[in-house]
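A.B. asks: Pasting the sequence and the predicted model now:
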Amino acid sequence: MSKENAGNFFEDFQPGQVLRHATPRTLTAGDQALYTALYGSRFALQSSDVFARQLGLAQAPLDDLLVFHVVFGKTVPDVSLNAVANLGYAAGHFGAPVYPGDTLSAESEVIGVKQNSNGKTGVVYVRTRGVNQDGALVADYIRWVMVRKKDPASAAPEPQVPDLPDAASADRQAIPQGLDFSAFDFAAAGSPHRWDDYRIGEKVDHGDAMTIEEAEHQLATRLYQNTARVHFNQHAEGQGRFGRRIVYGGHVISLVRALSFNGLGTAVKLLAINGGTHAAPSFAGDTIYAWSEVLDKSEVAGRPDLAVLRLRTVAAKDHACGGFPYKDAEGRYHPAVVLDLDYSVLLPRA
Amino acid sequence: MSKENAGNFFEDFQPGQVLRHATPRTLTAGDQALYTALYGSRFALQSSDVFARQLGLAQAPLDDLLVFHVVFGKTVPDVSLNAVANLGYAAGHFGAPVYPGDTLSAESEVIGVKQNSNGKTGVVYVRTRGVNQDGALVADYIRWVMVRKKDPASAAPEPQVPDLPDAASADRQAIPQGLDFSAFDFAAAGSPHRWDDYRIGEKVDHGDAMTIEEAEHQLATRLYQNTARVHFNQHAEGQGRFGRRIVYGGHVISLVRALSFNGLGTAVKLLAINGGTHAAPSFAGDTIYAWSEVLDKSEVAGRPDLAVLRLRTVAAKDHACGGFPYKDAEGRYHPAVVLDLDYSVLLPRA
Amino acid sequence: MSKENAGNFFEDFQPGQVLRHATPRTLTAGDQALYTALYGSRFALQSSDVFARQLGLAQAPLDDLLVFHVVFGKTVPDVSLNAVANLGYAAGHFGAPVYPGDTLSAESEVIGVKQNSNGKTGVVYVRTRGVNQDGALVADYIRWVMVRKKDPASAAPEPQVPDLPDAASADRQAIPQGLDFSAFDFAAAGSPHRWDDYRIGEKVDHGDAMTIEEAEHQLATRLYQNTARVHFNQHAEGQGRFGRRIVYGGHVISLVRALSFNGLGTAVKLLAINGGTHAAPSFAGDTIYAWSEVLDKSEVAGRPDLAVLRLRTVAAKDHACGGFPYKDAEGRYHPAVVLDLDYSVLLPRA
């Protein structure tokens, strides 16, 4: 029996199947320090124990996207080792805050399969749940990927495609227990802007930009224990489609979240990732700019201290975002756009 | 109202004004590990809890320059976002040691303004204070920067230029409480040299050298949450003065401090930064060498265990320092020199 | 007296001499996070406190090779600053697990010297011991290096060459106290393979590969406080033998250990490094692949829960390892081979 993990092929996935992923991971202050060094994030809630305590938490929680990437990384050996493309995300939510010392593990349920008409690949839909050492949910999301068939001649399964909500449902927007923005310190946060100051349709150019280096995206992706080969092997990728290593899409998500501080500094807590599209791959040497649009606003019953913004943040490479590049009349992305992310954040109202 | 932070322009600064900077930061063992990985520092006091306890501290404090850079980083969005040049430092002191878990914040007082004769820019002088969660001073310094005017036609303010001490005054050299070098372990420190072994005017070639990589200075500068654009945006800088990203000057300071271990291994504690000049910008690919000269020696009243060396450390790029490159007869820096740093360190006498 | 450390030359070493190395180092969760980011290691014992507790330890220990590299780094200023070549390792063992907060220090005994026939260099053999703050052994090993003579005219010492065991002796394979694999969680570990599933002579292609970046090996080597010049100074190395900085050999060892997860995921604990040869230098840009062969299997008396595999892991650069590249009929390494490592690991049997 070969000892090497060959990964799962399209035929290996059946709806209802539960994949328990390997490599539980204890996250520490060391991981958060690396996360800060990789993205330069300045959101005060994750940066300062003092600020976090003023908002009712025991200490600064780890960055929400660090948690997301660590959960995601665990799924790669089982879900996407033989993936041709990562097609999308939906219905992502953040649960219990994660603190240094917490140990995360993950499992995924297969919620849909659909063979492609070419007979060589199929789309697999999974719902992944990340939990801490007490079994509390820390993040979950639906993801769909195109996976190779092992044997093109094998019979196509009955197609089953799940309903994909286009935004995380409001009832799932669980505010972490104890979190209270009444004493929100806007000077410490670095922005005076309340939830009430933003209007639906408002666009913000985040102005700042970051150029990606090979060492940076490799360090990040390994930190998440995501060892998908396309990110690391120049010898093989040099012969591939792009001639280069492909940057893990989540690295770009974290970059634009950090860039969005400039204009959204009070959006200190992610609640949900409603959907996301990697419009084009990113590579070392690309300079990532970002802009955001307020898609929706919603109050939280009984909470005068905080409320929710639904945002679209768009990343563009080698293209400043003062003109808000997005889609053309036919719905095709502007050629500079690499990421189109729909997500929800908590802001103070006080 | 635009949500993006446009930074302050020359007209926005008035003497006496206090700027409370954003983004309090809890520093951890993770930050120190990154600092070690970025510079390879080997000073025993910051490297070992055991060594630190032998000298009377509770545990190894974080590196002094890590503290300096974190404090400095907080000032960038308010002080130097529209800076044309970072002109100098003076009167920098280190206060209470910073330990993992401490949370730093910073504020600056404007202590001088002077419009330049071209009418387009002016010099702003600020005194910045970094404090921990208990309000204890951890580092302070004076810095002056050249800042763009928003409106060249606006009236020039009354010029006010502070007296800049050329060395940190002796009375400010606060030895951290409890620090006692009586039991200094020279073998563990990696150098046999006491304060008494150094003479004024003595020069040391540090011999070692480090080549800077883009990923390294970007990781460092983001770790300090210093997001000044010139360090990160190749797309824009490629069109700029140098065609390249500029390395944060503090990155070079930390590099040469680490290189200075070879010859100054017992200089385990920084007391003061008396002044500093970035003689030329540094870029990825530059190899940094360093040498030091003993400018002065001073005893500390009632302390037979330790004393102070005032040092000049000079960094040169792509140029070995056996010949101690510095200034020519007209006072112009040798073309290889990138940094001229005047600072004070504590050494054991026992 | 020059303050710069000139290192030891061949004449400075005498059998029986003990070198107490400088720079004690407190290792933390920050160091482990960096180690994970540098190599992407996924062995569950070092990744998860929960998994480590299931196996009887107090928490996840730091990676064995992180400990090895930190101990090794301390020896460089005393042993190999004037080394021409690092010739080999033997008889390496791991002792007490190292946890965040432990402080490591190291000393070496000179156990052999032999001048080379050219009269300009000689081989020095040392046995290095790394201990924690309680004096407990954490790692020891024999290493031999070729060192320059200061004065080619100086007399040759009496040659003394130690017996070099070709594998760590079984009695030295100390299982960490309390470690018990009875409750080994194979799903969490990411591999179903027990010790019993491997047979002597079996070969595993690890499939994955990693391309080395300059920033990565520099960060790693500085993290270990190994400041040997050839790894860091492009200005000087650009004029040298290879025209490039040389990657610290230990960086390649850690890379292939991480790559070996794919096929050896249950080999969660290193016991010994029996021997190692860096067959060729590695440089930034090299893509490292690896394969392993089971050299031997041994049970541990009274332990039905675990047993030992002795492995050879071979690293090749820019060459996939499906064909298991190694040596030709004359015993010369395949030109792609950069590392030939002989070591022992613990696996579960349950």
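C.D. replies: All right, it came through fine.
A.B. asks: Helices of the stretch 51-200 of chain A, residue ranges please.
C.D. replies: All helices of the stretch 51-200 of chain A, identified by DSSP state H, counting those that start in this stretch, fall at A:64-75, A:186-189.
A.B. asks: can you tell which of those is closest to chain C?
C.D. replies: Go through the helices of the stretch 51-200 of chain A one by one with CB to the nearest CB and the one that ends up closest to chain C is helix A:64-75, at 9.1 Å. (Each C-beta comes from the backbone N, C-alpha and C, glycine too.)
A.B. asks: Next, the contact list for the closest residue to residue A:204 other than its chain neighbours, please.
C.D. replies: Leaving out its chain neighbours, the residue that sits closest to residue A:204 by CB to CB, 6 or more residues apart in numbering or on different chains is residue A:263, at 3.8 Å. Residue A:263 makes contact with A:191, A:204, A:205, A:206, A:207, A:292, B:3, B:4, B:5, according to CB atoms under 8 Å, 6 or more residues apart in numbering or on different chains.
A.B. asks: I'd guessed the last one sits against residue B:82; true?
C.D. replies: No. Distance between residue B:5 and residue B:82: 10.8 Å, which falls outside the contact criterion (CB atoms under 8 Å).
A.B. asks: And stretch A:318-331, end to end?
C.D. replies: One end of stretch A:318-331 sits 21 Å from the other (CA to CA, to the nearest Å).
A.B. asks: Can you pull out the residues in contact with that stretch?
C.D. replies: Under the criterion CB under 8 Å, 6+ apart, residues A:203, A:205-207, A:209, A:286-287, A:289-291, A:293, A:314, A:316, A:333-334, A:336-337, A:340, B:235-236 lie in contact with stretch A:318-331.
A.B. asks: how does it look with 10 Å?
C.D. replies: A:203-209, A:211, A:259, A:279, A:285-293, A:312, A:314-316, A:333-338, A:340, B:4, B:233-236, B:238 (CB atoms under 10 Å, 6 or more residues apart in numbering or on different chains).
A.B. asks: May I see the buried residues of it?
C.D. replies: By neighbour count on 16 or more other CB atoms under 10 Å in any protein chain shown, the buried set for stretch A:318-331 is A:318, A:319, A:320, A:321, A:325, A:326.
A.B. asks: Show me which residues of the stretch 201-350 of chain A are close to chain B?
C.D. replies: A:202-219, A:258-259, A:261-266, A:284-289, A:291-292, A:317-320, A:322 (CB under 10 Å from any CB of the partner chain).
A.B. asks: ok, now with 6 Å
C.D. replies: Selection of the stretch 201-350 of chain A residues close to chain B by CB under 6 Å from any CB of the partner chain yields A:204, A:207, A:209, A:210, A:211, A:213, A:215, A:216, A:262, A:263, A:287, A:318.
A.B. asks: Make a ChimeraX selection of whichever of the contacts of stretch A:318-331 turn out to be buried.
C.D. replies: To isolate the buried members of those in ChimeraX, using 16+ other CB under 10 Å:
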select /A:204,205,206,207,208,209,211,259,279,286,287,288,289,290,291,292,293,312,314,315,316,333,334,336,337,338,340 /B:233,234,235,236
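A.B. asks: Start and end of stretch A:190-209, how far apart?
C.D. replies: 18 Å.
A.B. asks: Report the mean confidence score over it.
C.D. replies: Per-residue pLDDT over stretch A:190-209 has a mean of 97.
A.B. asks: and if you look at stretch A:73-83?
C.D. replies: Stretch A:73-83 carries an average pLDDT of 92.
A.B. asks: close enough to count as contact, residue A:259 and residue A:208?
C.D. replies: Yes. Assessed by CB atoms under 6 Å, residue A:259 is found in contact with residue A:208 at 5.1 Å.
A.B. asks: on that earlier part again, what about the residues of the stretch 201-350 of chain A next to chain B, which are in strands?
C.D. replies: A:204, A:207, A:209, A:210, A:211, A:287 (DSSP state E).
A.B. asks: Could you pull up the contacting residues of the first one?
C.D. replies: Listed by CB atoms under 6 Å, 6 or more residues apart in numbering or on different chains, the contact partners of residue A:204 are A:263, A:292, B:3.
A.B. asks: Tell me the spacing between it and residue B:226.
C.D. replies: 22 Å (CB to CB, to the nearest Å).
A.B. asks: on that earlier part again, which of the residues of the stretch 201-350 of chain A next to chain B sits closest to chain C?
C.D. replies: Top of the list for closeness to chain C, among these and by CB to the nearest CB, is residue A:215 at 3.7 Å.
A.B. asks: That closest one is in contact with residue C:218, isn't it?
C.D. replies: No. Contact criterion CB under 6 Å: residue A:215 and residue C:218 do not qualify, at 9.2 Å.
A.B. asks: okay, now the domains of chain A?
C.D. replies: A:1-27+A:62-164, A:167-350 (automatic domain parsing).
A.B. asks: Can you spell out which helices and strands pack onto the lowest-mean-pLDDT helix or strand in chain A?
C.D. replies: Lowest on mean pLDDT, DSSP states H and E among the helices and strands of chain A sits strand A:83-94, with a mean of 88. Helices and strands touching strand A:83-94, by 3 or more CB pairs under 6 Å, 6 or more residues apart in numbering or on different chains; DSSP states H and E, are strand A:137-148, strand A:269-278.
A.B. asks: Same list, these, but as CSV with distance to residue C:103 please.
C.D. replies: Listed next are those as CSV, based on distance: least, CB to CB, whole Å:
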stretch, distance to residue C:103
strand A:137-148, 33
strand A:269-278, 37
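A.B. asks: What parts of the stretch 51-200 of chain A come near chain C?
C.D. replies: Residues of the stretch 51-200 of chain A lying near chain C (CB under 6 Å from any CB): A:103, A:133.
A.B. asks: Mind telling me which residue of the stretch 51-200 of chain A is nearest chain C?
C.D. replies: For the stretch 51-200 of chain A, CB to the nearest CB, closest residue to chain C: residue A:103, 4.5 Å.
A.B. asks: Isn't that residue up against residue A:24?
C.D. replies: Yes. Using CB under 6 Å, residue A:103 is in contact with residue A:24, at 5.4 Å.
A.B. asks: which of the two has more neighbours?
C.D. replies: Taking other CB atoms under 10 Å in any protein chain shown, residue A:103 and residue A:24 do not tie; residue A:24 has more neighbours (25 against 21).
A.B. asks: any shared contact partners between residue A:259 and residue A:208?
C.D. replies: With CB under 6 Å, 6+ apart as the test, residue A:259 and residue A:208 reach no residue in common.
A.B. asks: For the helix or strand hosting residue A:312, give me every contacting residue.
C.D. replies: In this assignment (DSSP states H and E), residue A:312 forms part of strand A:306-317. For strand A:306-317, contacts defined as CB under 6 Å, 6+ apart pick out A:181, A:195, A:198, A:252, A:256, A:260, A:286, A:288-300, A:325-326, A:336-349.
A.B. asks: Just these: which are in strands?
C.D. replies: Per DSSP E, the contacts of strand A:306-317 map to strands at A:288-299, A:337-348.
A.B. asks: Flag the shaky bits of the stretch 1-150 of chain A, pLDDT-wise.
C.D. replies: For the stretch 1-150 of chain A, the stretches with pLDDT under 70 are A:1.
A.B. asks: how about a cut-off of 90?
C.D. replies: A:1-7, A:80-89 (pLDDT under 90).
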